[in-house]
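*Asks:* structure, please.
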Amino acid sequence: MAALRPAPPDDRPSVGIGMLGYGFMGRAHSNALRQIPSTFWPGGCRPELVGISGRTESSVREAATRYGFAGYTTDWADLVADERIDVFDNVGPDETHVEPTLAAIAAGKHVIVEKPLALTAADAERLLEAAERAGVKHLTCFNYRFMPAVRLARDLIAGGELGELHQVRIRYSQEWRTDPDAQLPSGAGALTIIGCHAIDQARFLVGEIAGVSGRFSSPVTTPERRHGGQPVEPDDTVAILAEFGDGLVGTIDASLVSPGRKNMLSWEINGSKGSVHWSLEQLNHLHVHRRGGGRTQGFTEVIVCEADHELAAPWWPSAHILGWEHGHANMLAHFLDAVAEDRPVDPYGATFADGAQAARIAEAVAESARTGTHVRVEPLRALAT
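*Replies:* Predicted coordinates:
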């Protein structure tokens, strides 16, 4: 029997990854990073999982083995100091997004931060300004930009195929706060935890938001409700009337008390020539209507898993559907290629500028709810000056 011959080495340049956090998002990002070398072949680089950090030694040690990292630490500063690490991926709790990321930027590392980029617009702008001054690549993890249906819809809108836009309606609904006695997976409210995704989808698909009117409600959550012993953000729901830069009006809402809605990010955009509709709960289908179809006009269900759909092409043969995890893999592959080939992260990837603008819009919504007034939102270009 002939002996097996050794496989040729993978001579693509490696990009060292250091990750802060090992929970839900740590698992999602690690899974995506492990899929990149084979799926995006040959691609611009291959991620090398150098180290992972977390507060609890037993848990982070287990995560290192489970997720495929070479080493672990309970001090994120060890990741910042490690010269093998090129990219600092911060998927830790929301309150840990700022200080470790600023340290990584100061060390010259490219940076990835889970949404929300920061808990205040001021902190988000600090991160943006630091990254821009240092000349490092930066990514805010608005992963739904990297679903094939979302990209196709953006292309249709940008190409004028819907004509003049008439109306935008975006919603993100989940149910996990519905039971007032249930243990909460997070203390974040509807605006922080999922509303930011809906806001980013509006900006990504349609354009800048120039002003907002907002209202919150707390039909379930009382002041006594706790997560990890701490009070939770009270907003179970948020409703936003958004004014876009060209005068287009849209609605954006988010809810954590929608029984039966497990993870439904959904939108419909209507224009003079047609409409598009999409839901994350059926993420492989984009519903498209073009006016003028006569007796057969109506929404066509497009399965966005063909080779001519850019974000589906690297994956599987015709109509072999994708899942939630593939948005993260598409997003992180895009970012690592930008690092390896020194290409821009935007406009398809959300940079810290997008994360900062989402934070500005969220604060404007909160101000509107507090004052009962319509609040203007400063334009994005003001952030980088």
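*Asks:* make it CA atoms for all contacts and neighbour counts henceforth
*Replies:* Fine.
*Asks:* may I ask you to name the longest helix in this protein?
*Replies:* Ranked by residue count and defined by DSSP state H, the top helix of the chain is helix 352-371.
*Asks:* packing partners of that one?
*Replies:* Packing partners of helix 352-371 (3 or more CA pairs under 8 Å, 6 or more residues apart in numbering; DSSP states H and E): helix 121-134, strand 138-141, helix 196-205, strand 209-217, strand 375-376.
*Asks:* and among these, the most buried is which?
*Replies:* strand 138-141 (a mean of 26; mean count of other CA atoms under 10 Å).
*Asks:* so how many other residues sit close to the closest residue to Leu117 other than its chain neighbours?
*Replies:* Distances taken as CA to CA, 6 or more residues apart in numbering place Gly355 nearest to Leu117, at 5.3 Å, with adjacent residues excluded. Residues within reach of Gly355, counting by other CA atoms under 10 Å, total 27.
*Asks:* is it true that Gly355 touches Ala122?
*Replies:* No: counting by CA atoms under 8 Å, Ala122 is not a contact partner of Gly355; they are 11.4 Å apart.
*Asks:* what's around Gly189, how many residues?
*Replies:* Neighbour count of Gly189, defined by other CA under 10 Å: 23.
*Asks:* show me what contacts it?
*Replies:* When contacts are counted by CA atoms under 8 Å, 6 or more residues apart in numbering, Gly189 touches 232-237, 256.
*Asks:* try it again with 7 Å
*Replies:* By CA atoms under 7 Å, 6 or more residues apart in numbering, the residues touching Gly189 are 233-236.
*Asks:* cool, and Glu306?
*Replies:* Neighbour list for Glu306: 312-313, 318-319 [criterion: CA under 7 Å, 6+ apart].
*Asks:* that one and Ser58, how far apart?
*Replies:* In this view, Glu306 and Ser58 are 43 Å apart by CA to CA, to the nearest Å.
*Asks:* pLDDT weak spots in this structure?
*Replies:* Across the chain, the stretches falling below the confidence threshold (pLDDT under 70) are 381-385.
*Asks:* quick revisit: of the contacts of Gly189, just the buried ones, ChimeraX syntax please.
*Replies:* To isolate the buried ones among the contacts of Gly189 in ChimeraX, judged by 16 or more other CA atoms under 10 Å, type:
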select :233,234,235,236
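*Asks:* could you dump the helices and strands packed on helix 352-371 to JSON lines with distance to Glu62?
*Replies:* Supplementary listing: these in JSON lines, determined by distance: least, CA to CA, whole Å:
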{"stretch": "helix 121-134", "distance to Glu62": "31"}
{"stretch": "strand 138-141", "distance to Glu62": "25"}
{"stretch": "helix 196-205", "distance to Glu62": "30"}
{"stretch": "strand 209-217", "distance to Glu62": "40"}
{"stretch": "strand 375-376", "distance to Glu62": "47"}
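*Asks:* save the contacts of Gly189 as JSON lines, and put in secondary structure and distance to Arg203 too.
*Replies:* Putting the contacts of Gly189 into JSON lines (DSSP: H, G, I helix; E, B strand; the rest coil; distance: CA to CA, whole Å) gives the following:
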{"residue": "Glu233", "secondary structure": "coil", "distance to Arg203": "25"}
{"residue": "Pro234", "secondary structure": "coil", "distance to Arg203": "26"}
{"residue": "Asp235", "secondary structure": "coil", "distance to Arg203": "22"}
{"residue": "Asp236", "secondary structure": "coil", "distance to Arg203": "23"}
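*Asks:* of the contacts of Gly189, closest to Thr101?
*Replies:* Closest approach between the contacts of Gly189 and Thr101, by CA to CA: Glu233, at 24.0 Å.
*Asks:* verify the stated contact: that closest one with Gly187.
*Replies:* Yes: shown here, Glu233 and Gly187 form a contact pair, counting by CA atoms under 7 Å, at 6.0 Å.
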